[in-house]
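*Asks:* generate coordinates for the sequence data below:
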Amino acid sequence: MKKYILIIAATVFVSCNSNKKQPEKSMDTIKTNEVTVAYQVDAALGEGAIWNHETNELFWIDIEGKSLNMLNPKTKQNRSFSTASQIGTVVPKNKDEALIALVDGIYTMNLNTGQTTVFADMKEALTGCRLNDGKCDPAGRLWVGSMNWQQEKGKAKLFTIQNDAAVTTKIDSVTISNGIVWTKDKKTMYYIDTPTSQIKAYDYDNATGNISNERVAVEISTDLGFPDGMTIDAEDMVWVGMWNGNAVIRFNPKTGKLLRKIEVPAHNVTSCAFGGDNLETLFITSAKLDMTEEELKKYPLAGSVFKVNPGVKGVKSNFFK
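*Replies:* The predicted model follows:
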């Protein structure tokens, strides 16, 4: 599903704002032995990490395993509900409900029973595609992107879904829609279309959901892997799971600088989210998909959920409103 190697040309890691000469620390690396297993599991395509601060659970999904999971890190108990098709993302709505993105649209899931009901039918908008990663913006709108089943370039889109189930296309000609976050002042949105090897920035209007002034915030060398899911911390720095990169990387999106690399004992690192009592723990999902026999032997924990305390806190996830 996420065979990112096939279409990506090499890029050079440079700051898109190289004219802004700001003093900054050199890259810091957190070694693999500082990362621990939060939940050992053989997820084919673990993804979609998001912390539910109302229930103190990590929500995560297995796209190919067709399941929504809710992990209590303290007890290491993981509740799981099967889904009718591949699940692209999950966002909490309240203590009892969440929205999930399935192949043909957005569904409401009862978190006590696992029962789903259609919220927004998107069959016509998703011809040849399925829904992938997404999050809610500060106003509570759901932003969710798609990807073509054959990963054809430019065939996918990024959408918003309002609380009246209205669907709007926000960005066209996307290939593999992935990470998306907003700054704490609600004025900037960062977004990843994986094969571009870029993090793009947009001016964001929280009142209307309008975005403008598209620009490249970070160029990522393919030597580091390919950018997948993303979260943002309390300092407005972004953290990106690196597919085929064995790591989560912290970037400064204002300068394009690589600040920190967290080495993860998994080849394909897919998403990350801050959680815990004080949002001090970074939880990291991974996948077993698209690994060679040699890689599977080298990374026996691939597919598990990992955790690390990186010394910086996150921010509360936005719920659907």
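
*Asks:* and the residue lying closest to Leu142 once chain neighbours are set aside, how many neighbours?
*Replies:* Spatial nearest neighbour of Leu142, excluding adjacent residues (Cβ to Cβ, 6 or more residues apart in numbering): Ile161 at 4.3 Å. C-betas here are computed from N, CA, C, even on glycine. By the measure other Cβ atoms under 10 Å, the count of residues near Ile161 is 24.

*Asks:* quick check: Tyr154 is in a strand.
*Replies:* Careful, residue 154 is Gly; it's not Tyr. No. Secondary structure assignment (DSSP: H, G, I helix; E, B strand; the rest coil) places Gly154 in coil, not in a strand.

*Asks:* pretty sure it contacts Ser173?
*Replies:* Yes. Under the criterion of Cβ atoms under 8 Å, Gly154 lies in contact with Ser173, with a separation of 4.1 Å.

*Asks:* just checking, next helix/strand downstream of the host helix or strand of Gly241?
*Replies:* Using DSSP states H and E, the secondary-structure element containing Gly241 is strand 238-243. Sequence order places strand 247-252 as the next helix or strand after strand 238-243, per DSSP H and E.

*Asks:* can you give me the angle that next one makes with strand 238-243?
*Replies:* 150 degrees (axes from the mean of the first three to the mean of the last three Cα atoms, to 10 degrees).

*Asks:* strand 247-252 pairs with which strands, and in what direction?
*Replies:* Taking DSSP bridges as the criterion, strand 247-252 forms sheet pairs with strand 238-243 (antiparallel), strand 257-263 (antiparallel).

*Asks:* pick the most buried one from those strands.
*Replies:* Here the criterion is mean neighbour count by mean count of other Cβ atoms under 10 Å, and of those the winner is strand 238-243, at a mean of 28.

*Asks:* just the CA trace of that one, in PDB.
*Replies:* What follows is strand 238-243, C-alpha atoms only, in PDB (Å, rounded to 0.1, in the frame of the first residue of the first chain):
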ATOM      1  CA  VAL A 238       7.400  19.000  13.500                       C
ATOM      2  CA  TRP A 239       8.100  15.300  14.100                       C
ATOM      3  CA  VAL A 240       7.900  13.000  11.000                       C
ATOM      4  CA  GLY A 241       7.900   9.200  10.800                       C
ATOM      5  CA  MET A 242      10.300   8.100   8.100                       C
ATOM      6  CA  TRP A 243       9.100   5.200   5.900                       C
END
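
*Asks:* mind checking the SS state of the residue sitting nearest the centre point of the chain?
*Replies:* Centroid-nearest residue in the chain: Gly229, 2.6 Å away (criterion: Cα atoms, centre = their mean). Three-state call for Gly229 (three-state DSSP): strand.

*Asks:* quick one: contacts for it?
*Replies:* By Cβ atoms under 8 Å, 6 or more residues apart in numbering, Gly229 lies in contact with 47-49, 133, 178-179, 240-241, 270-272, 285.

*Asks:* list the contacts for the nearest residue in space to it that is not next to it in sequence?
*Replies:* Taking Cβ to Cβ, 6+ apart as the measure, Gly229 lies nearest to Ser271, with 2.7 Å between them; neighbours along the chain are not counted. Residues in contact with Ser271 (Cβ under 8 Å, 6+ apart) are 46-49, 60, 133, 179, 228-231, 241, 284-285.

*Asks:* swap in 6 Å and give it another go.
*Replies:* The neighbours of Ser271, taking Cβ atoms under 6 Å, 6 or more residues apart in numbering as the test, are 47-49, 229, 241, 285.

*Asks:* one more: Asn148?
*Replies:* Listed by Cβ under 6 Å, 6+ apart, the contact set of Asn148 reads 128-129, 155-156.

*Asks:* low pLDDT regions in the protein?
*Replies:* Within the chain, the segments meeting pLDDT under 70 span 1-26.

*Asks:* now do the strands in the stretch 1-150 of the chain.
*Replies:* Remark: strands assigned in the stretch 1-150 of the chain by DSSP state E, counting those that start in this stretch are 28-30, 36-39, 46-52, 57-62, 67-72, 77-82, 89-92, 97-102, 105-110, 116-121, 129-136, 142-148.
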